[in-house]
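In: need a structure here:
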Amino acid sequence: MKLKQISNFVEPIFEKVFGFADDTKTAGLFTLQNAKGLRLRITDYGATVASLEVPLKSGELVDVVCGFDSVEDYIASYALPSAPYFGTTIGRYAGRIAGGRFSLNGRQIVLNANNGSNTLHGGITGFGQKIWEVRRRSPGNNPSITFGLTSPDGDEHFPGELTIELTYTLTDENEVILEYKAITNRDTVVNLTHHSYFNLDGHDRSVLGQQLSVNANKILEVDPENIPTGQFVDLDGHAFDFSSAKDVPESIDNTFVLDSDYGLAATLFSPKNQLKMSVFTNQPGVHIYVGGNCFGKLEGKKGANYHASSGICFETQNYPDAPNHKHFPSATLEKDSIYHHKTIYKFQSY
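Out: A predicted model of the protein is given here:
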């Protein structure tokens, strides 16, 4: 049967086969493009961003995220000693939960540990390793695609059945909007985020030399296992004070406490490409990460050799280990309530 061509999509909205997730399931790859040429490709394996091509003033397209050429490569990356989580959706809980346990409604919850004794990014098999269902596709002026996932009660030992929808939208302002909504049939904890490694010079370059600013005056203090202590570190005079733009550091793995309830979280600027990315979110923190999980060299898409400075992550989210700190913003999602998380990545070429 001939597939119907739909405007504002580079290829048919029907999925292109991206590989085999297992013996019975194929993974799809979907392409969205706005009127200005911004082009986003997402696979239903993990609702993962595989590429994001941004138009420069010159008309050239630059792919600004790290990734792989096939779903098999994404699957193989989770078998590495420390998975890179390229472009994926993190859940149920982004970041670390200390000791893989927390208390909820007077009950002790013991999770699967996958980071020493701690639980990282949802456990052994997080949301990035699941095939999501394509729920809705809208090819209008602001093309969008909505993925859905149902996480059963007891998934990685988290309580409650959790039903999630994640919508990716491109706007004519060269924005990529991610909007998450989730409900549960039983009180649980939720903290979702997006884990692209961004590089405004191109995914096969180094992010060092690009300029970073963060709208925060504090970061979370952490112990040697990168678990929050519950205390905050003032950034005045600190090496990670990015209130004014300065070079991306070679190594950073910290949660910044954002200054506004909703607004600008951070910016990244490439002097080489004269390209700026602004990150907006309604979340209380942004975890910024550079400097690991490529094991010296990791082969990525189009033969790129990824290394520790290939990209920078802006993981907009609640605080890691929030279920174990009563003074942190609550991560509890009550039965029949709605979790809502919105993040925008906006690109401007000069």
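In: Just want the phi and psi numbers for the most centrally placed residue in the chain.
Out: By C-alpha atoms, centre = their mean, the mean C-alpha position of the chain lies nearest to residue 194, the distance being 1.2 Å. As for residue 194, its main-chain torsions (degrees, to the nearest 10) stand at phi -110, psi 140.
In: Show me the beta-bridge partners of it.
Out: residue 89 (DSSP bridges).
In: My guess is it contacts residue 178. True?
Out: Yes: at 5.6 Å, residue 194 counts as touching residue 178 under the criterion of C-beta atoms under 8 Å. Yep, even glycine has a C-beta here, placed from its N, CA and C like the rest.
In: partner strands of the helix or strand of the chain at the bottom of the mean pLDDT ranking, parallel or antiparallel?
Out: Within the chain, no helix or strand scores below strand 16-20, which has a mean of 86 by mean pLDDT, DSSP states H and E. The sheet places strand 16-20 alongside strand 26-33 (antiparallel), with pairing taken from DSSP bridges.
In: how far out from the middle of the chain is whichever helix or strand comes after the partner strand?
Out: Next in sequence after strand 26-33, counting helices and strands by DSSP states H and E, comes strand 39-43. Its chain's C-alpha centre and that of strand 39-43 lie 14 Å apart, by C-alpha atoms, centre = their mean, to the nearest Å.
In: shouldn't residue 269 be in contact with residue 211?
Out: Yes: contact criterion C-beta under 8 Å: residue 269 and residue 211 qualify, at 4.3 Å.
In: mind listing what residue 267 touches?
Out: Taking C-beta atoms under 8 Å, 6 or more residues apart in numbering, we find residue 267 in contact with 211, 212, 213, 245, 276, 277, 278, 279.
In: I meant residue 86, not that one.
Out: So residue 86 contacts 48, 65, 66, 67, 68, 74, 77, 195, 196, 197, 300 (C-beta under 8 Å, 6+ apart).
In: Okay, helices next: where are they in the chain?
Out: Taking DSSP state H to define them, one finds helices in the chain at 71-77.
In: pLDDT weak spots in the protein?
Out: Along the chain, segments meeting pLDDT under 70 span 1-15, 261-262, 293-296.
In: One more pass at 80, please.
Out: 1-15, 22-24, 260-262, 292-297 (pLDDT under 80).
In: thinking again about what came up before, with neighbour count added, can I get the contacts of residue 86 in JSON lines?
Out: Shown next, in JSON lines, are the contacts of residue 86 (neighbours: other C-beta atoms under 10 Å):
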{"residue": "48", "neighbour count": "29"}
{"residue": "65", "neighbour count": "23"}
{"residue": "66", "neighbour count": "27"}
{"residue": "67", "neighbour count": "27"}
{"residue": "68", "neighbour count": "27"}
{"residue": "74", "neighbour count": "28"}
{"residue": "77", "neighbour count": "19"}
{"residue": "195", "neighbour count": "23"}
{"residue": "196", "neighbour count": "26"}
{"residue": "197", "neighbour count": "25"}
{"residue": "300", "neighbour count": "23"}
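In: which among those residues gets closest to residue 226?
Out: residue 195 (15.7 Å; C-beta to C-beta).
In: Give the full set of residues in contact with that closest one.
Out: Counting by C-beta under 8 Å, 6+ apart, residue 195 touches 85, 86, 87, 88, 89, 90, 121, 128, 313, 315.
In: so what's it closest to, chain neighbours aside?
Out: Nearest residue to residue 195, sequence neighbours excluded (C-beta to C-beta, 6 or more residues apart in numbering): residue 85, at 4.3 Å.
In: Equivalent analysis for residue 185, please.
Out: Spatially, and ignoring its direct neighbours in sequence, residue 185 is nearest to residue 161 (4.9 Å; C-beta to C-beta, 6+ apart).
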